[in-house]
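Trainee: I'd like to go over a predicted model; first the sequence, then the structure.
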Amino acid sequence: MTRREALAGFLRFMAASPLLADRKYSELHDPIYSVANVFDMAKLAKKKLDPLAWDYIDEGSEDEVSLRDNRARFERLIIRPHFLENDVSKIDVSTKLFGKELPHPLFFCPTGGKNCVFPNGDQEVAYGAGVSNTMLIATGGIDKVIDSGKGPKIWWQFTTAAEFRTKNQMVDFARKLQDKGCTGISVTADIYHVSRRERSIHHKLVRRWCDAGGIPRDTKGELEHKPDEIVWTSGDFPAPRPFPTPAWDTVQRLREAASGMPVIVKGILTAEDTERAVKQGLSGVVVSNHGARQLDHVGSTIEALPECVQAAGGKIPVLIDGGFRRGTDVFKALALGASAVGIGRPYLWGLGAFGQRGVARVIELLRAELGVDMGMAGVAKISQIDRSFVRIRQ
Ligand SMILES: Cc1cc2nc3c(=O)[nH]c(=O)nc-3n(C[C@H](O)[C@H](O)[C@H](O)COP(=O)(O)O)c2cc1C
């Protein structure tokens, strides 16, 4: 065999190899397959969305320092591959969480206001979660999808727990969720005040628009404000609330009322709060700064992760979200001890660009990146990833 024949044979082998998951040219007429990564999806979404809707999902609070931190801090973590240790011919990104099998360690975070991004946004996302077999923390409005059997198999219900006045209300809430096959309750703890998101304040955004039909514009493209609509403003001192905001004992009561249904807390950033969650008998925590949309200057979540993992001490899983855009980001979090990684904006970009198909495609992209990155780092299974795979840039 000549060198040329040997090379041709090798190229034929590589083209047929499952390691090269490329698509045929003929499939590329579908623009969804020209999207190479989630940043491409963001560009497409930005082109399609009303500029106010784009800013609403893109923005962070005040100076957006945490927003930049969430991304920038990944660059301080360096991956330390371990070669020739494991057989990486077959990559498995499945994992186990809360006693359930997940096909991949990614989940969809709760996001309000999806109707500014796509009509019936909550339902579209739930269908996308179903197709991509992705765990979802829902903000609500997905009953129809769940009843259709096409929704996600594993889904949690978001609450701030601020709406509960009595134990009966909690019992009722949990029972209804249980009847719908809900996996558990996720309490968001960082949302008891309205933050200053100044892009939307400058736009005079009416937050209700994003729960209703989207941004209203007249035939000339001008915004249609009604005189009595509540516009996001700054400079107003927080008005006292008629009821105390929830506290750890509220979450504890909710856990008891949920009779066996797991309760997790989202928005944790410190070892102390993680320890408290363990003590309170909660099933897990989500290390999160709300996509840098609440208190600014809290640092990135990937920075907060190690102290939370240490405080959890393996007693409860520690999940994380905030700025995850690449398979390598996910890999780094897993190496630092996260059990699963949530995304917010990336699936909203998919939603804005292609509806439910885009939501599912974002998972396909990140799952594929994670798989390739794991293979290149020398691991074939999530359980083979540990702290030795990352170091901090000096
Ligand atoms: C448009 C938007 C709305 C959100 N609404 C909520 C919400 O209602 N409740 C909540 O717990 N988190 C909310 N979040 C935060 C997400 O759950 C999640 O923590 C964050 O988006 C993760 O960061 P990422 O967007 O950088 O992936 C929202 C985020 C965005 C972008």
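Mentor: On my side now, so go ahead. Numbering: from 1, shown residues only.
Trainee: Could you find the closest non-adjacent residue to the one residue in the stretch 201-350 of the chain that gets nearest to the ligand?
Mentor: Closest to the ligand within the stretch 201-350 of the chain is G344: 2.0 Å, counting by C-beta to the nearest ligand atom. C-beta coordinates here come from the backbone N, C-alpha and C atoms, glycine included. Leaving out its chain neighbours, the residue that sits closest to G344 by C-beta to C-beta, 6 or more residues apart in numbering is C109, at 4.4 Å.
Trainee: returning to what we had before: got the confidence number for the residue of the stretch 201-350 of the chain closest to the ligand?
Mentor: Reading off the per-residue confidence, G344 sits at a pLDDT of 99.
Trainee: Ok, R3 next?
Mentor: Here the pLDDT value assigned to R3 is 72.
Trainee: Run a quick neighbour tally on it.
Mentor: 7 (other C-beta atoms under 10 Å).
Trainee: For the stretch 251-394 of the chain, list the residues in contact with the ligand, please.
Mentor: With the criterion set to C-beta under 6 Å from any ligand atom, the stretch 251-394 of the chain comes near the ligand through 266, 288, 290-291, 293, 321-324, 342-345.
Trainee: If you rank those residues by neighbours, which is first?
Mentor: Among those, the one with the most neighbours (other C-beta under 10 Å) is G322, at 33 neighbours.
Trainee: returning to that earlier point: wait, what's in contact with the residue nearest to G344?
Mentor: Residues in contact with C109 (C-beta atoms under 8 Å, 6 or more residues apart in numbering) are 137, 266, 286, 288, 291, 321, 342-344.
Trainee: Any chance of the backbone angles for it?
Mentor: Listed backbone geometry of C109 is phi -80, psi 160, with angles given as degrees, to the nearest 10.
Trainee: ok, now how distant is it from the ligand?
Mentor: For C109, the distance to the ligand equals 3 Å [C-beta to the nearest ligand atom, to the nearest Å].
Trainee: Excluding chain neighbours, give the residue nearest to A377 in space.
Mentor: With C-beta to C-beta, 6+ apart as the criterion, A377 has its nearest non-adjacent residue at 4.3 Å, and that residue is P81.
Trainee: Near that neighbour, how many residues? Count them for me, please.
Mentor: One way to gauge burial is a neighbour count; for P81, by other C-beta under 10 Å, it gives 12.
Trainee: and if you look at K46?
Mentor: Per other C-beta under 10 Å, the neighbour tally for K46 reads 17.
Trainee: And it, how far from D55?
Mentor: Taken as C-beta to C-beta, to the nearest Å, the spacing of K46 relative to D55 amounts to 10 Å.
Trainee: ok so, going back, from what I see, the residue nearest to A377 and G375 are in contact.
Mentor: No: the criterion here is C-beta atoms under 8 Å, and P81 misses it with G375 at 10.1 Å.
Trainee: what's the closest non-adjacent residue to D92?
Mentor: Here the nearest residue to D92 in space, its sequence neighbours aside, is K381; by C-beta to C-beta, 6+ apart that works out to 5.1 Å.
Trainee: Near that neighbour, how many other residues are there?
Mentor: Residues within reach of K381, counting by other C-beta under 10 Å, total 15.
Trainee: who's in contact with it?
Mentor: K381 sits in contact with 86, 91-92, where contact means C-beta under 8 Å, 6+ apart.
Trainee: for the stretch 201-350 of the chain, what spans make up the strands?
Mentor: Listed in chain order, the strands of the stretch 201-350 of the chain (DSSP state E, counting those that start in this stretch) span residues 263-268, 284-287, 318-321, 340-343.
Trainee: closest to H29 out of the ones you listed?
Mentor: Put simply, out of the strands of the stretch 201-350 of the chain the one that sits nearest H29 is strand 340-343, at 27.5 Å, with distance taken as C-beta to C-beta.
Trainee: Mind giving me the packing neighbours of the closest one?
Mentor: In this structure, strand 340-343 packs against strand 106-108, strand 318-321, helix 327-335, with contacts taken as 3 or more C-beta pairs under 8 Å, 6 or more residues apart in numbering; DSSP states H and E.
Trainee: one more time with 6 Å
Mentor: Strand 340-343 is packed against strand 106-108, strand 318-321, with contacts defined by 3 or more C-beta pairs under 6 Å, 6 or more residues apart in numbering; DSSP states H and E.
Trainee: Off-centre distance for it?
Mentor: Distance of strand 340-343 from the chain centroid (C-alpha atoms, centre = their mean, to the nearest Å) equals 5 Å.
Trainee: Name the strands paired with that strand and say parallel or antiparallel.
Mentor: Strand 340-343 has its sheet partners listed here by DSSP bridges as strand 106-108 (parallel), strand 318-321 (parallel).
Trainee: TSV for the ones you listed, including distance to G130 and mean pLDDT?
Mentor: Listed next are those as TSV, based on distance: least, C-beta to C-beta, whole Å; pLDDT from 0 to 100:
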stretch	distance to G130	mean pLDDT
strand 106-108	11	98
strand 318-321	20	99
